[in-house]
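Peer 1: The sequence isn't on hand, but the structure is:
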């Protein structure tokens, strides 16, 4: 992967360059003297697909349904025109074709994105690092750092049987597989996760 387009974190829902990250976000420097939990982990393509799929359930789904309904309405109107009014003009076929293409793109793009990110992770074989503090989660990255405040309304934690998903915002998430955690690290992460309050979501795999 080209260094300038290399993922800045585990998973960027929207790809962007490392250079877009400031050296320190909002002037916050990590203070290692404070009590904290350091963890190291890696990811597989399968874990990436599962994590992104869960994330996409909460973000962008409403807009996807709205666009699908609008495009389906365009298809139905034009099909009605073609069948009952015998309007077989090129414009009618064009509108039906464009609407169907948009529906395909809307539903296929999330799958394509999951597959592309998963493929990149499988090829890179990278280790990731994260530190949990009393007031934030700190992630050091190649050209900067990301901090996730427990108090931020954009952030949340999702836990299932196999992993923790830390949501920074609608563009960035971090997946922590439980297989990488040692000793009591999972329990300690749960204690930090409680700081998200109602944004701490616990689910069971089906």
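Peer 2: That came through fine. Source: prediction; values computed, not measured.
Peer 1: in stretch 42-58, what's buried?
Peer 2: The neighbour-count criterion (16 or more other C-beta atoms under 10 Å) identifies 43, 45, 47, 48, 49, 50, 51, 52, 54, 55, 56 as the buried residues of stretch 42-58. Any C-beta I mention is one placed from the backbone N, CA and C, and that applies to glycine too.
Peer 1: which one of these sits closest to residue 130?
Peer 2: Of all the buried residues of stretch 42-58, residue 43 has the smallest distance to residue 130: 12.3 Å, by C-beta to C-beta.
Peer 1: looking at it, the closest one is touching residue 127, isn't it?
Peer 2: No. Look at residue 43 against residue 127 with C-beta atoms under 8 Å: they stay out of range, at 9.4 Å.
Peer 1: Now stretch 120-128: buried residues?
Peer 2: Per 16+ other C-beta under 10 Å, stretch 120-128 contains these buried residues: 120, 121, 128.
Peer 1: Output the buried residues of stretch 42-58 as JSON lines; include the columns secondary structure.
Peer 2: As requested, those are exported to JSON lines (DSSP: H, G, I helix; E, B strand; the rest coil):
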{"residue": "43", "secondary structure": "coil"}
{"residue": "45", "secondary structure": "helix"}
{"residue": "47", "secondary structure": "helix"}
{"residue": "48", "secondary structure": "helix"}
{"residue": "49", "secondary structure": "helix"}
{"residue": "50", "secondary structure": "helix"}
{"residue": "51", "secondary structure": "helix"}
{"residue": "52", "secondary structure": "helix"}
{"residue": "54", "secondary structure": "helix"}
{"residue": "55", "secondary structure": "helix"}
{"residue": "56", "secondary structure": "helix"}
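Peer 1: any chance of those in TSV, plus pLDDT and distance to residue 80?
Peer 2: Listed next are the buried residues of stretch 42-58 as TSV, based on pLDDT from 0 to 100; distance: C-beta to C-beta, whole Å:
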residue	pLDDT	distance to residue 80
43	93	49
45	92	44
47	94	46
48	92	43
49	92	39
50	91	41
51	92	42
52	91	38
54	89	39
55	89	38
56	86	33
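Peer 1: related to what we said a few turns ago, show me the buried residues of stretch 120-128 that map onto strands.
Peer 2: residue 128 (DSSP state E).
Peer 1: Which of the buried residues of stretch 120-128 lies at the shortest distance from residue 137?
Peer 2: Taking C-beta to C-beta as the measure, residue 137 lies nearest residue 128 of the buried residues of stretch 120-128, at 12.3 Å.
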